[in-house]
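Engineer: sequence below, structure please.
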Amino acid sequence: MLLSLDLESDMPIYLQLKNKIIEGIAVSDLKAGERLPSVRQLAGDLGINLHTVNKTYNILKQEGYILVHRQKGVMVNPAGAPKATQPYIQHLNKELRPMIVEAFCRGIKEDEFHKICSDLYQQLDSLNQ
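Structural biologist: Numbers count the residues shown, from 1 in each chain. I've put the predicted structure just below:
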């Protein structure tokens, strides 16, 4: 699993790692049931603290993206990615709102914002082919 993190970013490392793993699942770079590196191994490979990887794995486990087995290790959830539930949709609304507000303040029109979202969605979809 090849991951690159921006250690100079304002975004916390655990969130970058979480987002990269979810993106890997979304574009099928990480397949259902595929094993992920151990906490210690991934921390060593990325040169980050093992508690950061552990935090990321715990969040991904809580959200249903991965399973953690004492004997088998960490793996992408064999049942696939979690489905969009009403609480997730509420969370999505909460997370998108500040970005939309900022875009609005900066003069980005609704159709332009939709195009940005559509382009990103299509990029992911083409990677998933």
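
Engineer: could you use CA atoms for every contact and neighbour count after this?
Structural biologist: Noted.

Engineer: which residues in this protein form helices?
Structural biologist: Ranges of helices in the chain, per DSSP state H, are 13-26, 39-46, 50-63, 86-105, 110-127.

Engineer: which residues does the nearest residue to Pro82 once chain neighbours are set aside contact?
Structural biologist: Leaving aside its chain neighbours, Pro82 sits nearest to Gly64 (5.6 Å; criterion: CA to CA, 6 or more residues apart in numbering). By CA atoms under 8 Å, 6 or more residues apart in numbering, the contact set of Gly64 is Asn77, Ala81, Pro82.

Engineer: out of these, which end up buried?
Structural biologist: Neighbour counting over these (16 or more other CA atoms under 10 Å) leaves Asn77, Ala81 as the buried ones.

Engineer: out of the contacts of Gly64, flag the one nearest to Ser126.
Structural biologist: Ala81 (18.0 Å; CA to CA).

Engineer: number of residues surrounding Phe104?
Structural biologist: 13 (other CA atoms under 10 Å).

Engineer: chain center to stretch 68-86: distance?
Structural biologist: 13 Å (CA atoms, centre = their mean, to the nearest Å).

Engineer: then it to PDB, C-alphas only?
Structural biologist: Output of stretch 68-86 as PDB, limited to C-alpha atoms (Å, rounded to 0.1, in the frame of the first residue of the first chain):
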ATOM      1  CA  VAL A  68      -9.300  -5.600  13.200                       C
ATOM      2  CA  HIS A  69      -8.700  -9.200  14.200                       C
ATOM      3  CA  ARG A  70      -6.300 -10.300  16.900                       C
ATOM      4  CA  GLN A  71      -5.000 -13.100  14.800                       C
ATOM      5  CA  LYS A  72      -5.600 -12.000  11.200                       C
ATOM      6  CA  GLY A  73      -4.600  -8.300  11.700                       C
ATOM      7  CA  VAL A  74      -6.200  -5.400  10.000                       C
ATOM      8  CA  MET A  75      -8.200  -5.800   6.800                       C
ATOM      9  CA  VAL A  76     -10.600  -3.800   4.600                       C
ATOM     10  CA  ASN A  77     -14.100  -4.800   5.600                       C
ATOM     11  CA  PRO A  78     -15.000  -7.900   3.500                       C
ATOM     12  CA  ALA A  79     -18.600  -6.600   3.400                       C
ATOM     13  CA  GLY A  80     -17.400  -3.500   1.500                       C
ATOM     14  CA  ALA A  81     -17.600   0.200   2.400                       C
ATOM     15  CA  PRO A  82     -20.300   1.300   4.800                       C
ATOM     16  CA  LYS A  83     -23.600   2.500   3.300                       C
ATOM     17  CA  ALA A  84     -24.800   6.100   3.500                       C
ATOM     18  CA  THR A  85     -27.100   6.200   6.500                       C
ATOM     19  CA  GLN A  86     -29.100   9.200   7.700                       C
END
